[in-house]
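In: Would you be able to build a 3D model of this:
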Amino acid sequence: MTGLRVLLAAVLLCLLPVGCGGASPFPEGSTMARIRERGVLTVGIKFDQPMFGYKDPVSGRITGFDAEMARLVAKDLTGSERNIRFVETVSRERENFVSQGVVDLVIATYSITKTRARRVSFTDPYYYAGQDLLVRGGDSTIDGVEDLAGKTVCTAKGSTSVERLREVVPDAELEIVDAYSICVPALVAGRVDALSTDDTILLGLLAQHPAALRLVGKPFGREPYGMGVRKDDTQFRDHLNGLIARWLRDGQWDRAYMATIGVTGATSTSSRPATR
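Out: Modelled structure (predicted):
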(Lines give C-alpha, C1' and ligand atoms only; values in the text may rest on other atoms or scores of the structure.)
Protein backbone atom coordinates (compact mmCIF):
# COMPACT_ATOMS: atom_id res chain seq x y z
CA MET A 1 0.00 0.00 0.00
CA THR A 2 2.88 2.34 0.74
CA GLY A 3 4.20 1.96 -2.79
CA LEU A 4 0.74 2.65 -4.20
CA ARG A 5 0.44 5.84 -2.14
CA VAL A 6 3.81 7.05 -3.42
CA LEU A 7 2.74 6.35 -7.00
CA LEU A 8 -0.54 8.21 -6.55
CA ALA A 9 1.27 11.17 -5.01
CA ALA A 10 3.63 11.30 -8.01
CA VAL A 11 0.70 11.25 -10.44
CA LEU A 12 -1.05 14.07 -8.58
CA LEU A 13 2.14 16.14 -8.63
CA CYS A 14 2.30 15.80 -12.40
CA LEU A 15 -1.22 17.20 -12.66
CA LEU A 16 -0.27 20.42 -10.89
CA PRO A 17 0.36 23.53 -13.05
CA VAL A 18 4.14 23.27 -12.64
CA GLY A 19 4.06 19.67 -13.90
CA CYS A 20 6.50 16.83 -13.18
CA GLY A 21 9.84 17.95 -11.82
CA GLY A 22 8.35 21.18 -10.38
CA ALA A 23 10.50 23.49 -12.49
CA SER A 24 8.82 26.72 -13.59
CA PRO A 25 9.42 27.81 -17.19
CA PHE A 26 9.48 31.44 -16.00
CA PRO A 27 12.28 33.50 -14.42
CA GLU A 28 12.49 33.12 -10.65
CA GLY A 29 10.76 35.95 -8.81
CA SER A 30 8.84 37.12 -11.89
CA THR A 31 5.12 37.82 -11.86
CA MET A 32 4.66 34.90 -14.24
CA ALA A 33 6.46 32.54 -11.84
CA ARG A 34 4.39 33.73 -8.87
CA ILE A 35 1.15 33.17 -10.77
CA ARG A 36 2.39 29.75 -11.88
CA GLU A 37 3.18 28.79 -8.29
CA ARG A 38 -0.16 30.13 -7.03
CA GLY A 39 -1.97 28.25 -9.79
CA VAL A 40 -4.61 30.92 -10.42
CA LEU A 41 -4.58 34.09 -12.55
CA THR A 42 -6.63 37.03 -11.21
CA VAL A 43 -8.01 39.31 -13.93
CA GLY A 44 -9.91 42.59 -13.66
CA ILE A 45 -12.69 42.67 -16.24
CA LYS A 46 -16.05 44.33 -16.79
CA PHE A 47 -19.20 42.37 -16.02
CA ASP A 48 -21.71 44.50 -17.93
CA GLN A 49 -20.36 44.69 -21.49
CA PRO A 50 -21.68 42.01 -23.85
CA MET A 51 -19.13 40.90 -26.46
CA PHE A 52 -16.20 41.89 -24.19
CA GLY A 53 -16.85 41.18 -20.52
CA TYR A 54 -20.28 40.04 -19.43
CA LYS A 55 -21.44 37.98 -16.45
CA ASP A 56 -24.37 35.77 -17.36
CA PRO A 57 -27.04 36.32 -14.67
CA VAL A 58 -28.09 32.66 -14.80
CA SER A 59 -24.87 30.67 -15.17
CA GLY A 60 -22.49 33.23 -13.70
CA ARG A 61 -20.02 32.56 -16.53
CA ILE A 62 -17.98 35.49 -17.82
CA THR A 63 -18.12 35.74 -21.62
CA GLY A 64 -16.75 38.05 -24.30
CA PHE A 65 -13.56 38.84 -26.20
CA ASP A 66 -11.70 40.21 -23.17
CA ALA A 67 -12.65 37.08 -21.23
CA GLU A 68 -11.25 34.89 -24.01
CA MET A 69 -8.00 36.87 -24.03
CA ALA A 70 -7.77 36.39 -20.26
CA ARG A 71 -8.33 32.66 -20.53
CA LEU A 72 -5.52 32.39 -23.08
CA VAL A 73 -3.20 34.14 -20.60
CA ALA A 74 -4.32 31.77 -17.83
CA LYS A 75 -3.62 28.75 -20.03
CA ASP A 76 -0.11 29.98 -20.76
CA LEU A 77 0.75 30.82 -17.14
CA THR A 78 -1.01 28.01 -15.25
CA GLY A 79 -1.54 25.26 -17.80
CA SER A 80 -5.32 25.59 -17.96
CA GLU A 81 -7.75 28.32 -18.99
CA ARG A 82 -9.91 27.28 -16.03
CA ASN A 83 -7.35 28.49 -13.50
CA ILE A 84 -8.69 32.02 -13.50
CA ARG A 85 -10.55 34.34 -11.15
CA PHE A 86 -12.40 37.28 -12.63
CA VAL A 87 -12.86 40.45 -10.55
CA GLU A 88 -15.43 43.02 -11.65
CA THR A 89 -13.51 46.17 -12.56
CA VAL A 90 -15.37 49.31 -13.66
CA SER A 91 -13.56 51.96 -15.72
CA ARG A 92 -12.67 54.29 -12.85
CA GLU A 93 -11.12 51.48 -10.75
CA ARG A 94 -8.78 49.96 -13.34
CA GLU A 95 -5.60 51.81 -12.32
CA ASN A 96 -6.34 51.33 -8.62
CA PHE A 97 -6.90 47.59 -8.93
CA VAL A 98 -3.60 47.11 -10.77
CA SER A 99 -1.47 49.37 -8.58
CA GLN A 100 -2.94 48.00 -5.33
CA GLY A 101 -2.48 44.36 -6.39
CA VAL A 102 -6.18 43.53 -6.31
CA VAL A 103 -5.65 41.82 -9.69
CA ASP A 104 -2.65 40.54 -11.65
CA LEU A 105 -3.72 42.43 -14.74
CA VAL A 106 -6.70 44.26 -16.21
CA ILE A 107 -8.30 43.28 -19.51
CA ALA A 108 -11.37 45.52 -19.63
CA THR A 109 -11.77 47.51 -22.86
CA TYR A 110 -8.79 49.45 -21.50
CA SER A 111 -7.80 52.22 -23.93
CA ILE A 112 -4.10 53.08 -23.87
CA THR A 113 -3.51 56.73 -22.90
CA LYS A 114 -0.52 58.73 -21.65
CA THR A 115 -2.37 59.67 -18.47
CA ARG A 116 -3.14 56.06 -17.57
CA ALA A 117 0.38 54.98 -18.51
CA ARG A 118 1.70 57.07 -15.61
CA ARG A 119 0.14 54.55 -13.22
CA VAL A 120 0.16 51.25 -15.12
CA SER A 121 2.20 49.56 -17.83
CA PHE A 122 0.31 48.72 -21.01
CA THR A 123 0.93 45.91 -23.43
CA ASP A 124 0.90 46.43 -27.16
CA PRO A 125 -2.67 46.88 -28.46
CA TYR A 126 -4.59 43.63 -28.72
CA TYR A 127 -7.67 45.34 -30.21
CA TYR A 128 -8.72 48.59 -31.92
CA ALA A 129 -12.15 50.21 -31.51
CA GLY A 130 -13.78 53.38 -32.82
CA GLN A 131 -16.03 55.62 -30.71
CA ASP A 132 -19.62 55.73 -31.96
CA LEU A 133 -23.17 56.54 -30.86
CA LEU A 134 -26.18 54.49 -29.80
CA VAL A 135 -29.53 56.28 -30.12
CA ARG A 136 -33.22 55.37 -30.00
CA GLY A 137 -34.45 53.58 -33.07
CA GLY A 138 -37.06 56.21 -33.90
CA ASP A 139 -34.79 59.21 -33.37
CA SER A 140 -33.81 60.71 -36.74
CA THR A 141 -32.28 63.88 -35.28
CA ILE A 142 -28.89 62.28 -34.58
CA ASP A 143 -26.94 61.02 -37.56
CA GLY A 144 -23.42 61.76 -36.37
CA VAL A 145 -21.36 63.29 -33.60
CA GLU A 146 -21.96 66.76 -35.06
CA ASP A 147 -25.67 66.44 -34.12
CA LEU A 148 -24.99 66.14 -30.40
CA ALA A 149 -24.85 69.89 -29.65
CA GLY A 150 -27.51 70.61 -27.03
CA LYS A 151 -28.21 66.87 -26.58
CA THR A 152 -27.71 64.80 -23.43
CA VAL A 153 -25.12 62.06 -23.92
CA CYS A 154 -24.52 59.24 -21.45
CA THR A 155 -21.07 57.68 -21.00
CA ALA A 156 -18.94 56.08 -18.29
CA LYS A 157 -16.78 57.74 -15.67
CA GLY A 158 -13.05 57.25 -16.21
CA SER A 159 -13.37 56.42 -19.91
CA THR A 160 -11.63 58.09 -22.84
CA SER A 161 -15.09 58.60 -24.32
CA VAL A 162 -15.63 61.47 -21.87
CA GLU A 163 -12.47 63.27 -22.98
CA ARG A 164 -13.23 62.90 -26.69
CA LEU A 165 -16.84 64.08 -26.34
CA ARG A 166 -15.74 67.18 -24.45
CA GLU A 167 -13.23 67.92 -27.19
CA VAL A 168 -15.40 67.16 -30.23
CA VAL A 169 -18.82 68.41 -29.01
CA PRO A 170 -18.30 70.84 -26.13
CA ASP A 171 -21.95 71.95 -26.39
CA ALA A 172 -23.29 68.49 -25.53
CA GLU A 173 -24.52 67.85 -22.00
CA LEU A 174 -22.74 64.80 -20.56
CA GLU A 175 -24.40 62.36 -18.18
CA ILE A 176 -21.40 60.56 -16.64
CA VAL A 177 -22.21 57.34 -14.77
CA ASP A 178 -20.32 54.39 -13.27
CA ALA A 179 -21.15 51.85 -15.99
CA TYR A 180 -22.58 51.78 -19.51
CA SER A 181 -25.35 49.44 -18.38
CA ILE A 182 -26.82 52.43 -16.49
CA CYS A 183 -26.99 54.40 -19.74
CA VAL A 184 -29.11 51.88 -21.62
CA PRO A 185 -32.39 52.13 -19.63
CA ALA A 186 -31.93 55.92 -19.52
CA LEU A 187 -31.64 55.99 -23.31
CA VAL A 188 -34.60 53.69 -23.89
CA ALA A 189 -36.75 55.76 -21.51
CA GLY A 190 -35.76 59.04 -23.19
CA ARG A 191 -33.90 60.50 -20.20
CA VAL A 192 -30.78 60.87 -22.37
CA ASP A 193 -30.50 61.32 -26.14
CA ALA A 194 -27.48 59.13 -26.92
CA LEU A 195 -24.96 56.73 -25.46
CA SER A 196 -21.37 57.10 -26.63
CA THR A 197 -18.43 54.74 -26.23
CA ASP A 198 -16.46 52.27 -28.34
CA ASP A 199 -18.39 50.80 -31.26
CA THR A 200 -17.91 47.17 -30.31
CA ILE A 201 -19.21 47.79 -26.80
CA LEU A 202 -22.24 49.47 -28.36
CA LEU A 203 -22.78 46.44 -30.61
CA GLY A 204 -23.10 44.26 -27.53
CA LEU A 205 -25.58 46.64 -25.90
CA LEU A 206 -27.53 46.93 -29.16
CA ALA A 207 -27.85 43.14 -29.34
CA GLN A 208 -29.85 43.28 -26.09
CA HIS A 209 -32.28 45.93 -27.42
CA PRO A 210 -32.34 45.54 -31.22
CA ALA A 211 -35.88 46.87 -31.63
CA ALA A 212 -35.48 49.92 -29.41
CA LEU A 213 -32.03 51.21 -30.36
CA ARG A 214 -29.80 51.75 -33.39
CA LEU A 215 -26.09 52.24 -33.92
CA VAL A 216 -25.33 55.43 -35.84
CA GLY A 217 -22.40 53.71 -37.53
CA LYS A 218 -20.09 56.70 -38.01
CA PRO A 219 -17.10 56.12 -35.71
CA PHE A 220 -15.00 59.09 -34.65
CA GLY A 221 -11.57 58.44 -33.18
CA ARG A 222 -9.68 55.15 -32.82
CA GLU A 223 -9.09 53.44 -29.50
CA PRO A 224 -6.23 50.95 -28.93
CA TYR A 225 -7.02 48.47 -26.15
CA GLY A 226 -4.13 47.19 -24.04
CA MET A 227 -3.75 44.87 -21.07
CA GLY A 228 -2.76 46.80 -17.95
CA VAL A 229 -0.18 45.48 -15.47
CA ARG A 230 1.67 46.94 -12.49
CA LYS A 231 3.76 49.99 -13.35
CA ASP A 232 7.35 49.13 -14.36
CA ASP A 233 6.67 45.37 -14.47
CA THR A 234 8.29 45.27 -17.89
CA GLN A 235 9.04 41.56 -17.62
CA PHE A 236 5.36 40.65 -17.34
CA ARG A 237 4.36 43.23 -19.96
CA ASP A 238 6.92 41.88 -22.43
CA HIS A 239 5.76 38.32 -21.85
CA LEU A 240 2.17 39.35 -22.58
CA ASN A 241 3.32 41.19 -25.72
CA GLY A 242 4.86 37.93 -26.92
CA LEU A 243 1.58 36.11 -26.28
CA ILE A 244 -0.47 38.69 -28.18
CA ALA A 245 1.90 38.49 -31.17
CA ARG A 246 1.67 34.69 -31.12
CA TRP A 247 -2.13 34.66 -30.98
CA LEU A 248 -2.29 36.99 -33.98
CA ARG A 249 0.00 34.67 -35.94
CA ASP A 250 -1.42 31.27 -34.99
CA GLY A 251 -5.14 32.07 -35.34
CA GLN A 252 -6.10 32.08 -31.65
CA TRP A 253 -6.97 35.80 -31.82
CA ASP A 254 -9.23 35.21 -34.84
CA ARG A 255 -10.99 32.28 -33.17
CA ALA A 256 -11.66 34.36 -30.05
CA TYR A 257 -13.03 37.19 -32.20
CA MET A 258 -15.36 34.94 -34.22
CA ALA A 259 -16.69 33.28 -31.06
CA THR A 260 -17.61 36.62 -29.48
CA ILE A 261 -17.77 39.88 -31.46
CA GLY A 262 -17.98 38.05 -34.77
CA VAL A 263 -21.40 36.58 -33.95
CA THR A 264 -22.89 40.03 -34.62
CA GLY A 265 -21.65 39.90 -38.22
CA ALA A 266 -18.92 42.48 -37.53
CA THR A 267 -15.63 41.96 -39.33
CA SER A 268 -12.22 42.28 -37.70
CA THR A 269 -10.63 44.33 -40.51
CA SER A 270 -10.27 47.58 -38.55
CA SER A 271 -10.08 45.96 -35.12
CA ARG A 272 -7.25 43.49 -35.63
CA PRO A 273 -3.71 44.70 -34.81
CA ALA A 274 -1.05 44.12 -37.43
CA THR A 275 0.77 40.81 -37.16
CA ARG A 276 4.34 41.22 -35.96
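
In: rest of the way, CA atoms for contacts and neighbours
Out: Will do.

In: so what's Gly158 up against?
Out: Neighbouring residues of Gly158 by Cα atoms under 8 Å, 6 or more residues apart in numbering: 91-92.

In: same deal with Ser91?
Out: When contacts are counted by Cα under 8 Å, 6+ apart, Ser91 touches 108, 110, 156-159, 178-179.

In: got a pLDDT number for it?
Out: Reported pLDDT at Ser91 in the predicted model: 88.

In: before we move on, the earlier item: what's the closest of the contacts of Ser91 to Ser121?
Out: Taking Cα to Cα as the measure, Ser121 lies nearest Tyr110 of the contacts of Ser91, at 11.6 Å.

In: one step back: compare the contacts of Ser91 and tell me which is most surrounded.
Out: The most crowded member of the contacts of Ser91, judged by other Cα atoms under 10 Å, is Ala108 (27 neighbours).

In: pLDDT at that one, what is it?
Out: Per-residue confidence at Ala108 stands at 96 (pLDDT).

In: Could you do Met32 as well?
Out: For Met32, the predicted pLDDT is 98.

In: Run through the residues that contact the closest residue to Ser80 other than its chain neighbours.
Out: In this structure, Ser80 finds its nearest non-sequential neighbour in Ala74, 6.3 Å apart by Cα to Cα, 6 or more residues apart in numbering. Neighbour list for Ala74: 40-41, 80-84 [criterion: Cα under 8 Å, 6+ apart].

In: So how do I select the buried members of those residues in PyMOL?
Out: Those of these that count as buried under 16 or more other Cα atoms under 10 Å are selected in PyMOL with:
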select buried, resi 40+41+80+81+83+84
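
In: Filter the contacts of Ala74 down to the ones in strands?
Out: Members of those lying in strands (criterion: DSSP state E): 41, 84.

In: Dump the contacts of Ala74 to TSV, plus distance to Val98 and pLDDT.
Out: Below are those laid out as TSV (distance: Cα to Cα, whole Å; pLDDT from 0 to 100):
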residue	distance to Val98	pLDDT
Val40	16	98
Leu41	13	98
Ser80	23	98
Glu81	21	98
Arg82	21	97
Asn83	19	98
Ile84	16	98
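
In: Thanks again, I'm all set now.
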